[in-house]
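Participant: I would like the atomic coordinates for the input below:
(chains A, B, C and D)
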There are 2 protein chains.
Amino acid sequence: MTKNITIHDLAKELGLDSSTISRALSDSPRVGSKTKERVLEKAKELGYQRNLMASNLRTNKTMTIGVVVPHISRHFFSEAIDGIEQVVASKKYRVVISQSRDDFENEKEIVNGLFMNRVDGLLISPSMETPNGDHLDLFYKNKIPVVLFDRYFDNGGLSKVIFEDNKGAYDLTQHLIDNGCKRIYHLAGDLNSQIYMQRFAGYKEALKENNLDFEETFVKESNLYKEDAEEFIVDLLKDKNNFPDAIICANDVSALAIMKYLDENTDIKVPEDIAIAGFSNEPASAIIKPGLTTIDQHPFRIGKTAADMLLKFIDDKENAFNASNTIVVKSELIIRGSSKKNK
Amino acid sequence: MTKNITIHDLAKELGLDSSTISRALSDSPRVGSKTKERVLEKAKELGYQRNLMASNLRTNKTMTIGVVVPHISRHFFSEAIDGIEQVVASKKYRVVISQSRDDFENEKEIVNGLFMNRVDGLLISPSMETPNGDHLDLFYKNKIPVVLFDRYFDNGGLSKVIFEDNKGAYDLTQHLIDNGCKRIYHLAGDLNSQIYMQRFAGYKEALKENNLDFEETFVKESNLYKEDAEEFIVDLLKDKNNFPDAIICANDVSALAIMKYLDENTDIKVPEDIAIAGFSNEPASAIIKPGLTTIDQHPFRIGKTAADMLLKFIDDKENAFNASNTIVVKSELIIRGSSKKNK
DNA sequence: TAAAAAAATACAATCGATTGTACAAATATT
DNA sequence: AATATTTGTACAATCGATTGTATTTTTTTA
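Facilitator: Next comes the predicted model:
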């Protein structure tokens, strides 16, 4: 193994002290310009590459941001990570990305690991199982900024960038009502999670304000996978007398699964017989026919915003710990064919 | 700021030497069990967290893998990253992820940065612009293993995990021919890129072996975005006499765009009037109607395989630099409605 | 030209953990 | 009980870069 070149090697070669090399390489005014040139040239000649492990240790900075998400490959998160990476890279930071797989134990381990690596800040979208922010105390106590995004918990003091889940679901519901729907069901996510809770609440509020029926049986809590959606619709089909005239799903995956199921297994037509709406605006939602009415969550923007906030906190730690800052990213109603009843 | 607790703090508190603390924490046989207990207890009490910056510097290991992809949020790459992360995390490694945005200058900077961070290995899917592996010499010379995945270049010595692009395109073409297609066009990607080159070659081979016509005009090189696909189909529609009876697109995005365009703007039916096939098996391809015939690339498996190979090289550097290992991940033909002509 | 000021460079400690060697204490052997 | 052996700890150097202080060299000023 070609031994790595260090500033000491350069120093020896040039008959200078390593401190001078260090200063020359960081363009310090304390080093003469001829010397700087010599150093730079020699560094290039020997293929010197600064060792950031050493540098980080000394400066107590890693220029690294930890990012924790439930699943990297989910459309929402990969878009958010794209946004994060873009912002962070432009400020010469790097991202270390881990996935909790919605497992709290996993998440705790990851968070500890990131702390041991002394990341300069943490962006986290907690797992479904995460009850509170106690496992982030480590960061809090050591004044390393943390920003939650998308998912969160009511845990005093943590800053976050969240989505208008309530408003999104409200708008969706109101839109369906405006289109003549009266018996609107809701396939919900895990109601222990703030985001699904909010979606459920927005849906309910809209029903209430329009004096529409709401019964507990209208709502089914689930994991929102394809299979959950199929199970849900199969159940509903058993009692055709009480069939809904609209379903709002808490994500697109389940909404698409229901549309697909109805199309392939029944002669129930969307939107004529039943309107369907989803949440998240996945790429497939624009491609299915009819298109799926949904809420765009602007995941890229959420990621960007969270990263911006975190970097601001890193620069200005005062503010990072004085108040819990919350930014709410606006929802956007995307109306497509699946909701166009209008009778 | 609560000063971080170090092994020296623990040592002072317990009246021991820091070396003993270090050994106790790593469960060395050289430390007595009672002492170990005392250390562990005190560590927990004071909330000690090992500083990996220091540890890394000393041991010259970071337990970190650098990952470079063109775009994090593309389905293929986010799935591949998922696979990588899964493998790597199980061996207590972490991933630092960067995106080149298909910009070579960017990629060079990222690669240098990862080297300065002394990652223990590098997984890279090079940008479209990357001409060769010269910018990876740094790793090669310093015996840090590198594995290319998906995209690659013919540059002696680098190990890689690639996809059966040629075979995939061949199978797709053969399948269309078996279904009665005779005039098969190809919307290609950038032909400077090995993967698109291979897909093109596979398509051409299949035509040849079946003694079917091939003309240069059958092929259009493009960036494979939605807009490119629309432009392509609009052009074809101008000359209805020479309209193809099948199009193989080098990715799903463009194939879906063509299907969507035909459906919304013409009365040309898929697959009755024209068969369409894509490449990559995006989620939307299973949802559109008719479903899009395509090739599954198993991106998750590609990621996993590449990560496995890299970790093996890290453990056994001998082999990492003796030969260039190449694993080819098998393609899978996914037949859906868009190709079912059979007349 | 000598003294003062400014510029360039060297010295040495430090960041926190690891690890080879040396030493001391405890236990075993004869 | 005296010596040999094992076990447990301490000492000290090291990883590579950074940075405050000290020193030398050069330039300026009187």
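Participant: buried sites along the host helix or strand of residue A:319?
Facilitator: In this assignment (DSSP states H and E), residue A:319 forms part of helix A:317-322. With burial defined by 16 or more other CB atoms under 10 Å in any protein chain shown, the residues of helix A:317-322 counted as buried are residue A:320. The way it works is simple: take the backbone N, C-alpha and C, and place the C-beta from them, glycine included.
Participant: same thing with stretch A:310-330?
Facilitator: Along stretch A:310-330, these residues count as buried under the neighbour rule (16+ other CB under 10 Å): A:310-311, A:313-314, A:320, A:329.
Participant: closest to residue A:79 among the residues you listed?
Facilitator: The shortest approach to residue A:79 among the buried residues of stretch A:310-330 belongs to residue A:329, at 12.3 Å (CB to CB).
Participant: spit out the contact partners of the closest one.
Facilitator: Applying CB atoms under 8 Å, 6 or more residues apart in numbering or on different chains, we find residue A:329 in contact with A:161-164, A:297-298, A:301-302, A:305.
Participant: out of the residues you listed, which are inside strands?
Facilitator: Here DSSP state E is the test, and these give A:161-163 as lying in strands.
Participant: how about the residues of the stretch 151-300 of chain A by chain B?
Facilitator: Where the stretch 151-300 of chain A comes near chain B, counting by CB under 8 Å from any CB of the partner chain, the residues are A:256, A:260, A:263, A:282-284, A:287-289, A:300.
Participant: neighbour-wise, give me the winner out of those.
Facilitator: Neighbour count (other CB atoms under 10 Å in any protein chain shown) singles out residue A:256 as the most crowded of these, with 27 neighbours.
Participant: looking at this, that residue is in a strand?
Facilitator: No - when the secondary structure is assigned by DSSP: H, G, I helix; E, B strand; the rest coil, residue A:256 falls in helix instead of a strand.
Participant: report pLDDT for it.
Facilitator: Looking at residue A:256, its pLDDT reads 97.
Participant: point me to the helix or strand that includes residue A:78.
Facilitator: With the criterion set as DSSP H and E, the secondary-structure element containing residue A:78 is helix A:75-90.
Participant: ok, that helix near chain B or not?
Facilitator: Yes - looking at helix A:75-90 against chain B by CB under 8 Å from any CB, the contacts come from A:75, A:78-79, A:81-82, A:85, A:89.
Participant: show me chain A divided up by domain.
Facilitator: Taking automatic domain parsing as the reference, chain A has its domains at A:7-50, A:61-162+A:299-329, A:165-297+A:333-339.
Participant: of all those domains, which lies closest to DNA strand C?
Facilitator: Ranking those by their distance to DNA strand C (criterion: CB to the nearest atom of the strand) puts domain A:7-50 first, at 3.1 Å.
Participant: quick one: closest of the domains of chain A to residue B:156.
Facilitator: Distances from residue B:156 to each of the domains of chain A were compared using CB to CB; the minimum, 20.4 Å, belongs to domain A:7-50.
Participant: picking that back up, quick check, nearest of the buried residues of stretch A:310-330 to residue B:133?
Facilitator: Each of the buried residues of stretch A:310-330 was checked against residue B:133 using CB to CB; the closest is residue A:311, at 33.0 Å.
Participant: please name the nearest non-neighbouring residue to that closest one.
Facilitator: Distance criterion CB to CB, 6 or more residues apart in numbering or on different chains; nearest residue to residue A:311, sequence neighbours excluded, is residue A:91 at 5.8 Å.
Participant: was I right to think the one you found contacts residue A:312?
Facilitator: No - shown here, residue A:91 and residue A:312 do not form a contact pair, counting by CB atoms under 8 Å, at 10.5 Å.
Participant: in chain A, what residue lies closest to DNA strand D?
Facilitator: Among the residues of chain A, residue A:19 lies nearest to DNA strand D; the distance is 2.7 Å by CB to the nearest atom of the strand.
Participant: roughly how far does that residue sit from residue A:61?
Facilitator: 19 Å (CB to CB, to the nearest Å).
Participant: following the helix or strand bottoming out on mean pLDDT in chain A, which helix or strand comes up?
Facilitator: Scoring the helices and strands of chain A by mean pLDDT, DSSP states H and E places helix A:317-322 at the bottom, with a mean of 80. Once the chain leaves helix A:317-322, the next helix or strand it forms, by DSSP H and E, is strand A:326-329.
Participant: parallel or antiparallel, which strands does that next one pair with?
Facilitator: When pairs are called by DSSP bridges, strand A:326-329 turns out to pair with strand A:159-163 (parallel).
Participant: need the residues that contact the partner strand.
Facilitator: With contacts defined as CB under 8 Å, 6+ apart, strand A:159-163 is touched by A:145-150, A:152, A:195, A:297-298, A:302, A:305-306, A:309, A:313, A:320, A:323-329, A:331.
Participant: where's residue A:148, which helix or strand?
Facilitator: Element membership for residue A:148 (DSSP H and E) is strand A:146-149.
Participant: and that strand, which strands flank it?
Facilitator: strand A:121-124 (parallel), strand A:159-163 (parallel).
Participant: redo the ones you listed as JSON lines? Include distance to residue A:133.
Facilitator: Putting those into JSON lines (distance: least, CB to CB, whole Å) gives the following:
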{"stretch": "strand A:121-124", "distance to residue A:133": "9"}
{"stretch": "strand A:159-163", "distance to residue A:133": "10"}
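Participant: closest to residue B:112 out of these?
Facilitator: Set against residue B:112 and scored by CB to CB, these come closest in strand A:121-124, at 23.0 Å.
Participant: what about the helix or strand following that closest one and DNA strand C, touching?
Facilitator: Per DSSP H and E, strand A:121-124 leads on to helix A:137-141 as the next helix or strand towards the C-terminus. No - applying CB under 7 Å from any atom of the strand, one finds that helix A:137-141 is not in contact with DNA strand C, the shortest distance being 13.8 Å.
Participant: what's helix A:137-141 in contact with?
Facilitator: So helix A:137-141 is contacted by A:111-112, A:115, A:122, A:133, A:145-146, A:157-158, A:321, B:2, B:47, B:49 (CB under 8 Å, 6+ apart).
Participant: buried only: go through those for me.
Facilitator: Buried by 16+ other CB under 10 Å: A:111, A:115, A:122, A:133, A:145-146, A:158, B:49, out of these.
Participant: residue B:231: which of the residues you listed is nearest?
Facilitator: Distance ranking of these against residue B:231, using CB to CB, places residue A:122 first at 44.1 Å.
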